[in-house]
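**Q** Just need the structure, nothing else, for what follows:
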Amino acid sequence: MEVSSFSSVPRVCYSCSSVPGSSRFRGVKVHSLRDQSLVRVSLSIRNIRTPRHLIFCSQKRDVDVVDGSCMDEIYDKLAERIVPTSAAMFSPNLKRLVGLAGPPGAGKSTLANEVVRRVNRLWPQKASSFDAEVTPPEVAIVLPMDGFHLYRSQLDAMEDPKEAHARRGAPWTFNPALLLNCLKKLRDEGSVYVPSFDHGVGDPVEQDIFVSLQHKVVIVEGNYVLLEDGSWKDISDMFDDKWFIDVNLDTAMQRVESRHISTGKPPDVAKWRVDYNDRPNAELIMKSKTNANVLIRSISF
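**A** This is a model prediction of the structure:
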């Protein structure tokens, strides 16, 4: 990875200088920011000789910002980021999990698939032991969160089935516990079958995607994979890298509305769907941006 490809938010240190000459003080409160939340450090010090300057350092998470003149350039930078050095290529225990989040219309699926395609192309170039005449196995794969939607029959069984179907796509219309179990199995055993989603039928397809031992990079893409609530937080904690596509919310909603229309919904129904379901979901998702360590600046396609 070239350093110039990324800009990083530095760690921050806060200095408390020119402490009064007294060698005894108590109740000093130092406020610092850590991972976007307020941390209060309270000191109660008696009968000790204090230094002239006190330095308090927060361990603020470094955030890499990835941008470029076009999306292809961004895809290339992200692929280079997650292709490991040659020495690590064939480690049997190597399995890099990347969580990719962003609101509807951000381009998560496109980005994940483009990065995976580039990783699979770069990998044999970085590993000199590959035979040039042998087609190398794919080492990267996308694991979509869509396969963890609740079934329509499960929505039908809810207290308000009409509301459940209207809000399909909200966090409570997914099965995060199943996704978490799949990720744990992947960590523990190195392989797992996961469901896909049939948009024509509108339901998951069980055990349709196989993440095997040969897959060393797995990009888990979905709206809520970086949320910090309940099982979603446990899912977020599974990732080695946490990526978020930073996109203008109005732009994303325009894309979603166009997508609804392209699937046959009348324009008024498409707009209602965006206002009633997609935008509230997107506003929640945008809050999880603070949990990412890689922020991807979206460019219009």
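
**Q** What are the boundaries of the strands in the stretch 101-250 of the chain?
**A** Using DSSP state E, counting those that start in this stretch, the strands of the stretch 101-250 of the chain run over 140-144, 192-198, 203-211, 217-221, 241-246.

**Q** The nearest residue to Asp208 once chain neighbours are set aside - how many residues pack around it?
**A** Spatial nearest neighbour of Asp208, chain neighbours left out: Ser196 (3.9 Å); criterion: CB to CB, 6 or more residues apart in numbering. The C-beta positions use only the backbone N, C-alpha and C, and glycine is treated the same way. By the criterion of other CB atoms under 10 Å, Ser196 has 15 neighbours.

**Q** Report the contact partners of Ser196.
**A** Pro144, Asp146, Gly147, Pro204, Val205, Asp208, Ile209 (CB atoms under 8 Å, 6 or more residues apart in numbering).

**Q** Just list whatever residues bridge to the fourth one.
**A** With DSSP bridges as the criterion, Pro204 is bridged to Phe197.

**Q** That one touches Pro144, doesn't it?
**A** No: applying CB atoms under 8 Å as the test, Pro204 and Pro144 come out as separate, 10.4 Å apart.

**Q** Give me the common contacts of these two.
**A** Shared contacts of Pro204 and Pro144, defined by CB under 8 Å, 6+ apart, are found at Ser196, Phe197.

**Q** for this structure, which spans come out with low pLDDT?
**A** Along the chain, segments meeting pLDDT under 70 span 1-61, 85-93, 127-136, 301.

**Q** can you list the domains in it?
**A** Domain ranges of the chain: 3-57, 64-297, per automatic domain parsing.

**Q** Let me know which of those is tucked in deepest.
**A** domain 64-297 (a mean of 17; mean count of other CB atoms under 10 Å).

**Q** so how far does that domain reach from one end to the other?
**A** End-to-end distance for domain 64-297: 11 Å, by CA to CA, to the nearest Å.

**Q** Could you do stretch 159-170 as well?
**A** End-to-end for stretch 159-170, by CA to CA: 16 Å.

**Q** any residues touching that stretch, and which ones?
**A** With CB under 8 Å, 6+ apart, stretch 159-170 has contacts from 104, 149, 152, 155-156, 158, 173, 223, 276-278, 280-281.

**Q** can we see that at 7 Å?
**A** Residues from elsewhere that reach stretch 159-170, judged by CB atoms under 7 Å, 6 or more residues apart in numbering: Leu155, Met158, Thr173, Tyr276, Asn277, Asn281.

**Q** Make TSV out of those residues and add distance to Thr263.
**A** Shown next, in TSV, are the contacts of stretch 159-170 (distance: CB to CB, whole Å):
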residue	distance to Thr263
Leu155	19
Met158	24
Thr173	18
Tyr276	17
Asn277	15
Asn281	18
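
**Q** Of those, which is the nearest to Phe239?
**A** Distance to Phe239, by CB to CB, is smallest for Asn281 among the contacts of stretch 159-170, at 20.7 Å.

**Q** Can you spell out which helices and strands pack onto the helix or strand where the closest one lies?
**A** Element membership of Asn281, judged by DSSP states H and E, is helix 279-287. Other elements packing on helix 279-287 under the criterion 3 or more CB pairs under 7 Å, 6 or more residues apart in numbering; DSSP states H and E are helix 249-262.

**Q** Name the next helix or strand downstream of the helix it packs on, please.
**A** helix 267-273.

**Q** That following helix: how far from the chain's middle?
**A** What separates the centre of helix 267-273 from the centre of its chain is 28 Å, taken as CA atoms, centre = their mean, to the nearest Å.

**Q** just the CA coordinates of it, formatted as PDB?
**A** Extracted C-alpha coordinates of helix 267-273, given in PDB (Å, rounded to 0.1, in the frame of the first residue of the first chain):
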ATOM      1  CA  PRO A 267     -42.900   6.800  -9.300                       C
ATOM      2  CA  ASP A 268     -45.300   7.700  -6.400                       C
ATOM      3  CA  VAL A 269     -44.900   4.300  -4.700                       C
ATOM      4  CA  ALA A 270     -41.100   4.500  -5.200                       C
ATOM      5  CA  LYS A 271     -41.000   7.900  -3.500                       C
ATOM      6  CA  TRP A 272     -43.200   6.800  -0.700                       C
ATOM      7  CA  ARG A 273     -41.000   3.700  -0.200                       C
END
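
**Q** Contacts for it next, please.
**A** The contact list for helix 267-273 (CB under 7 Å, 6+ apart) reads Glu257, His260, Ile261, Lys265.

**Q** so who does the last one touch?
**A** What that stands for is Lys265. Applying CB under 7 Å, 6+ apart, the residues near Lys265 are Arg273.

**Q** distance of it from His149?
**A** 18 Å (CB to CB, to the nearest Å).

**Q** Wasn't Ser69 part of a strand?
**A** No: counting by DSSP: H, G, I helix; E, B strand; the rest coil, Ser69 is located in no strand; its state is coil.
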